[in-house]
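Colleague: using only what follows, build the 3D model:
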Amino acid sequence: MERREQPVVQVPSLDGVTRERFLQDVYPRREPVVLKGMELGPCTTKWTVDYLSQAEGSKEVKIHVSAVPQMDFLSKNFVYRTLPFDVFVRRAAEAKHKEYFLSEDEKYYLRSVGEDARKVMDNFLIQVTGRKRVVLYSPRDVPYLYLSGTKSEVLDVDNPDFEKYPLFVKAKRYQCYLEAGDVLFIPAMWFHNVISEEFGVALNVFWKHLPAECYDKSDTYGNKDPTAASRAIQILDRALKTLEELPEEYRDFYARRMVLRIQEKAYRNDYG
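Modeller: Presented below is the predicted three-dimensional model:
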């Protein structure tokens, strides 16, 4: 059987990037980059299991628990459980669990210690301790990612089912490994798949990339699509509903014309 593989690009790494250089040379490119040698303070050595357990104490936190490393947020192959934070940290650091919910090999994920987990646009993923592998896909590869809402149906990016997802092979895979102290810049709309290779702590810093007037005023944290995009999607939904009034042959023809119009009017000219 012919082996099919995606094109792979290693995310570039830059050392000692100043704020000015990032804003002038890196940020405008709108591509992921690993920033090394950043001054993160003592957290990379101080945030041990013991320190974190004492810092947050027995505060109750809701965690994701899964029997497998790949948590699927579409099919929900995990359960929610509540643990005191200090108990959670110690369990998460164990190779095999003496106490567990599903199995001694179960995996834990804590989305946020805070009450308002934020999902805005541009993002710094700061690896404080531990090691992660991150795989990213450009927003230009959306046609190949089999989206359901904002998430890809392709859960296992290392061994994808190309029979079920044949177009996924066309998606260009960007990949990097984050060590303690590394900072990964993830531009808005880039899809990412993260695997922790060992117990670790990471922080996300999000910020809105577009001017304030582009966002819904009631959307404090930028969770929603930009207002113009929301309107466009609503209009498209109405247009598709109208096409349903036509016989299949006509509906197919005019739908393809609509796709061509979108490509001509909205796609970037350097799309490859």
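Colleague: for the chain, just list every one of the helices.
Modeller: 19-21, 43-46, 49-56, 85-92, 227-243, 248-266 (DSSP state H).
Colleague: what helices and strands are in contact with the first one?
Modeller: Read it as helix 19-21. Here helix 19-21 touches no other helix or strand, going by 3 or more C-beta pairs under 8 Å, 6 or more residues apart in numbering; DSSP states H and E. No exception for glycine: its C-beta is placed from N, CA and C like everyone else's.
Colleague: pLDDT averaged over it - what is it?
Modeller: The pLDDT scores in helix 19-21 average 95.
Colleague: next one: stretch 142-160
Modeller: pLDDT averaged over stretch 142-160 gives 89.
Colleague: same check, this time on stretch 197-206
Modeller: 90.
Colleague: could I get the full set of strands for the stretch 151-272 of the chain?
Modeller: With DSSP state E, counting those that start in this stretch as the criterion, the stretch 151-272 of the chain has strands at 151-152, 173-178, 183-186, 191-196, 201-207.
Colleague: and of the ones you listed, who's closest to Q263?
Modeller: Across the strands of the stretch 151-272 of the chain, the minimum distance to Q263, taken as C-beta to C-beta, is reached by strand 191-196, at 20.9 Å.
Colleague: need the CA coordinates for that closest one. PDB is fine.
Modeller: Extracted in PDB, the C-alpha atoms of strand 191-196 (Å, rounded to 0.1, in the frame of the first residue of the first chain):
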ATOM      1  CA  PHE A 191      -4.800  25.300  14.000                       C
ATOM      2  CA  HIS A 192      -2.600  23.600  16.500                       C
ATOM      3  CA  ASN A 193      -2.300  20.100  18.000                       C
ATOM      4  CA  VAL A 194      -0.300  19.800  21.200                       C
ATOM      5  CA  ILE A 195       1.200  16.800  22.900                       C
ATOM      6  CA  SER A 196       3.000  17.000  26.200                       C
END
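Colleague: that strand: which residues count as buried?
Modeller: 191, 193, 196 (16 or more other C-beta atoms under 10 Å).
Colleague: now tabulate these in CSV and tack on distance to L203.
Modeller: Listed next are these as CSV, based on distance: C-beta to C-beta, whole Å:
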residue, distance to L203
F191, 20
N193, 19
S196, 14
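Colleague: remind me which residues of the stretch 101-250 of the chain are low pLDDT?
Modeller: For the stretch 101-250 of the chain, the stretches with pLDDT under 70 are 112-119, 220-222.
Colleague: point out the most buried one among the helices of the chain.
Modeller: Among the helices of the chain, helix 85-92 has the highest mean neighbour count (mean count of other C-beta atoms under 10 Å), at a mean of 19.
Colleague: which residues sit against that helix?
Modeller: Under the contact criterion C-beta atoms under 8 Å, 6 or more residues apart in numbering, helix 85-92 has outside partners 49, 52-54, 56-61, 63, 83, 97, 99-100, 108, 110, 113, 199.
Colleague: look up how far S66 lies from the closest residue to R133 other than its chain neighbours.
Modeller: Spatial nearest neighbour of R133, excluding adjacent residues (C-beta to C-beta, 6 or more residues apart in numbering): I195 at 4.9 Å. With the distance defined as C-beta to C-beta, to the nearest Å, I195 ends up 13 Å from S66.
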